[in-house]
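# Predicted coordinates and the sequence they were generated for:
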There are 4 protein chains.
Amino acid sequence: MSFTTPSSALTDEGVAALLRAAIDAATAMGQPQCIVIVDQSGVLLASFRMRGSRYLSLKSATAKARTAASLAAPSHSVPDSAKLLLAAATQNEATGLRGGLPIRVGGMLIGGIGIGSGSGEQDEDVAREALAAIGADLP
Amino acid sequence: MSFTTPSSALTDEGVAALLRAAIDAATAMGQPQCIVIVDQSGVLLASFRMRGSRYLSLKSATAKARTAASLAAPSHSVPDSAKLLLAAATQNEATGLRGGLPIRVGGMLIGGIGIGSGSGEQDEDVAREALAAIGADLP
Amino acid sequence: MSFTTPSSALTDEGVAALLRAAIDAATAMGQPQCIVIVDQSGVLLASFRMRGSRYLSLKSATAKARTAASLAAPSHSVPDSAKLLLAAATQNEATGLRGGLPIRVGGMLIGGIGIGSGSGEQDEDVAREALAAIGADLP
Amino acid sequence: MSFTTPSSALTDEGVAALLRAAIDAATAMGQPQCIVIVDQSGVLLASFRMRGSRYLSLKSATAKARTAASLAAPSHSVPDSAKLLLAAATQNEATGLRGGLPIRVGGMLIGGIGIGSGSGEQDEDVAREALAAIGADLP
């Protein structure tokens, strides 16, 4: 029996690279975004509200990042019929909106990233580009 | 590369004129209203709860003003299918109710106004009359 | 009488440069930090929790950034005798802790930066290095 | 035995006059202020955040207005030794800071006004000038 187990975590360089890649992708797309990165406990690692993005999307991007890290799956993978019930049961901390992806490297879950201000597809694309920039697994 | 960019903001006279025009429009209509004005970051600039209005509408008028300034579009422009999910994902700070309009002067977004206590149409009419009073762009 | 007035705001490049300089200064100092940048209304622009910093300092760094932008002065400039009363009267959003500085460029207030996890002096030093990196006025 | 009793309340004109007088007094003084007016139940009637005031003072001005209406006495009349305990016991809704006055007309309590962003004396002066503008009793 063992009382501890090896884990893995993002470095500052990893977080900064995710943030940088997301900002660059949003800029290239012409859609300013709110970007939120959380650790495997769902606790904030970094956030960035780009000029011209929607400030309320900081909240939804946080919910997306936390949902993805909690589920170990994209935020929009919550079945439609469960989305509002799940939001209610988590005091609105979980969301079924598209734009949140788990951060996994070599199969190990180390956090979540949530993007908001564009369409759901734009948000997810920015999240994917950020994951690609650090060589994370793409869901 | 530049670290700052010119912006624009409402003066005290601008805020007072919005408030005055909204109160006058609501009085003329015979429907007392709650009136909320926020800046471009969604932070309160002024509020007024008219006698005979619904005190809970101070909350919905705040959500309308903040949603309109965040979206840079009327609060009711949120698609019906997304209204509840968006409310949940923003911890109920965003709303799809009619009665919130962005405040834009010469194309530059400088805030939002939210009105509540009447029908959605009455609320929006009061917001429009307030915008007209300061020569703001009408959405 | 004018309804609007010119203002100024940080660009994405400005926010990213502040963040980068703060991370670099904290790294050079050997003290991981929580870094929070807000706009002139006190609304979050960016945050970063460095590995090895104290996660509760995200909260105090936010209070420092918001206090400095609200006061247009360093957070620790609140008189000692008023610190607890002021914290209470603002539902703990204002703090008198050292480590928050206003962001001013050419005399115009455009936001606040708050740093937390080191000593008060370390926190303030990191904030100062960030301001210097974008040519902001040093208080 | 009677089940109801006559009461008194501010009209929209009364609230607007208080707001106008407070803005004018703050402007004349050269110190932009946050102004909050509540009814006899402590519920918001109006607020105004002047350009150049401290946004966190919206919170303390609210606490001052509510404290004064609740006590039927100036907010700073709370004894020094009780200020922090009282704040704690009210979840920071009551404050002992100077700048909140009860609104009383002909001896009848109808609300409270709270001012914040200047020195305590400046804040109280603005509140007094507002009360004088509607012929309210001066404490």
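Looks like it came in fine.

# Tell me which stretches of chain A form strands.
Under the criterion DSSP state E, chain A contains strands at A:34-39, A:44-49, A:100-105, A:108-116.

# Serialize the ones you listed to CSV and add fields for distance to C:L131.
(C-beta placed from N, C-alpha, C; glycine too.) Formatted as CSV, the strands of chain A follow (distance: least, CB to CB, whole Å):
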stretch, distance to C:L131
strand A:34-39, 23
strand A:44-49, 19
strand A:100-105, 31
strand A:108-116, 29
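
# Any residues of chain A in contact with chain B? List them.
Contacts of chain A with chain B, taken as CB under 8 Å from any CB of the partner chain, map to A:51, A:54-57, A:59-60, A:63-64, A:83-84, A:87-88, A:92, A:95-97.

# ok, of these, which come out buried?
A:51, A:54-57, A:59-60, A:63-64, A:83-84, A:87, A:92, A:95-97 (16 or more other CB atoms under 10 Å in any protein chain shown).

# Find the closest residue to chain D in chain A.
Nearest residue of chain A to chain D: A:Y55, at 14.5 Å (CB to the nearest CB).

# I figured that residue hits A:R49, correct?
Yes: when contacts are counted by CB atoms under 8 Å, A:Y55 is listed as touching A:R49 (6.4 Å).

# shared neighbours, these two?
Here A:Y55 and A:R49 have A:34, C:43 as joint contacts, going by CB atoms under 8 Å, 6 or more residues apart in numbering or on different chains.

# Next, the buried residues of stretch A:15-24.
So stretch A:15-24, judged by 16+ other CB under 10 Å, has buried residues A:15-19, A:21-23.

# out of the residues you listed, which touch chain C?
Answer for the buried residues of stretch A:15-24 near chain C (CB under 8 Å from any CB): A:15-16, A:19, A:23.

# got the residues you listed as CSV, with distance to C:G135 columns?
Compiled in CSV, these are given as follows (distance: CB to CB, whole Å):
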residue, distance to C:G135
A:V15, 26
A:A16, 22
A:L19, 23
A:I23, 21
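
# Okay, helices next: where are they in chain A?
Using DSSP state H, the helices of chain A run over residues A:12-29, A:57-71, A:83-89, A:120-133.

# Need these in a markdown table (columns: mean pLDDT).
Below are these laid out as a markdown table (pLDDT from 0 to 100):
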| stretch | mean pLDDT |
| --- | --- |
| helix A:12-29 | 98 |
| helix A:57-71 | 98 |
| helix A:83-89 | 95 |
| helix A:120-133 | 98 |
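
# about what we covered before: which pair of the buried ones among the residues of chain A next to chain B spans the longest distance?
The two members of these with the most space between them (CB to CB) are A:R51 and A:L84, at 32.2 Å.

# Who are the contact partners of the residue positioned nearest the centre of chain A?
In chain A, the residue lying closest to the centroid (CA atoms, centre = their mean) is A:I113, at 1.7 Å. Contacts here follow CB under 8 Å, 6+ apart; on that basis A:I113 touches A:18, A:22, A:35-38, A:65, A:68, A:100-101, A:103, A:127, A:130-131.

# And A:V43, by the same measure?
Contacts of A:V43 by CB under 8 Å, 6+ apart are C:49, C:55.

# same deal with the one 5 residues further on?
With contacts defined as CB under 8 Å, 6+ apart, A:F48 is in contact with A:19, A:22-23, A:34-35, C:12, C:15-16, C:19, C:45-46.

# Look up which residues are beta-bridged to it.
A:I35, C:A46 (DSSP bridges).

# tell me the pLDDT at it?
As summarised for this prediction, A:F48 has a pLDDT of 98.

# and the gap between the closest residue to A:T67 other than its chain neighbours and B:G96?
Leaving aside its sequence neighbours, A:T67 sits nearest to A:S75 (CB to CB, 6 or more residues apart in numbering or on different chains; 4.2 Å). For A:S75, the distance to B:G96 (CB to CB, to the nearest Å) stands at 20 Å.

# Surely A:G96 and A:V78 touch.
Yes: here A:G96 reaches A:V78: they are 3.8 Å apart, a contact under CB under 8 Å.

# Overlap in contacts, the two.
The contact lists of A:G96 and A:V78 share A:67, A:86, where a contact means CB under 8 Å, 6+ apart.

# Would you mind naming what in chain A lies close to chain C?
So chain A meets chain C at A:9-12, A:15-16, A:19-20, A:23, A:27, A:32, A:43-51, A:55, A:58 (CB under 8 Å from any CB).

# mind redoing it with 10 Å?
A:9-16, A:19-20, A:23, A:26-27, A:32, A:34-39, A:41, A:43-53, A:55, A:58 (CB under 10 Å from any CB of the partner chain).

# before we move on, the earlier item: so which of the contacts of A:F48 is the closest to D:L109?
C:L45 (43.1 Å).

# and A:D80, how many neighbours does it have?
By other CB atoms under 10 Å in any protein chain shown, the residues close to A:D80 number 10.

# list the contacts for it?
Counting by CB atoms under 10 Å, 6 or more residues apart in numbering or on different chains, A:D80 touches A:96, B:81, B:85.

# one more time with 8 Å, if that's ok
A:D80 neighbours (CB under 8 Å, 6+ apart): A:G96.

# same thing with the one 4 residues further on?
Contact analysis of A:L84 by CB under 8 Å, 6+ apart lists B:84-85, B:88.

# is it true that A:K59 touches B:A87?
No: A:K59 lies out of contact with B:A87 (CB under 8 Å); the separation is 10.6 Å.

# Identify the contacts common to the two.
In contact with both A:K59 and B:A87: B:A94, using CB under 8 Å, 6+ apart.

# how many other residues sit next to the residue lying closest to A:G42 once chain neighbours are set aside?
Of all residues not flanking A:G42 in the chain, A:R66 sits nearest, at 4.4 Å (CB to CB, 6+ apart). As a burial measure, A:R66 scores 25 neighbours (other CB under 10 Å).

# ditto for the one 5 residues further on
The criterion is other CB under 10 Å. On that basis, A:L71 has 17 neighbouring residues.

# how about it, what does it touch?
A:77-78, A:102.

# Of the residues you listed, which is the nearest to chain B?
Using CB to the nearest CB as the measure, the one of the contacts of A:L71 that approaches chain B most closely is A:V78, at 10.2 Å.

# pretty sure that closest one contacts A:L86?
Yes: between A:V78 and A:L86 there is a contact under CB under 8 Å: 5.8 Å.

# which residues do the two both contact?
By CB under 8 Å, 6+ apart, the residues touching both A:V78 and A:L86 are A:94, A:96.

# With A:P139 as the reference, measure out to the residue nearest to the centre of chain A.
Relative to A:P139, and taking CB to CB, A:I113 is found at 11 Å.
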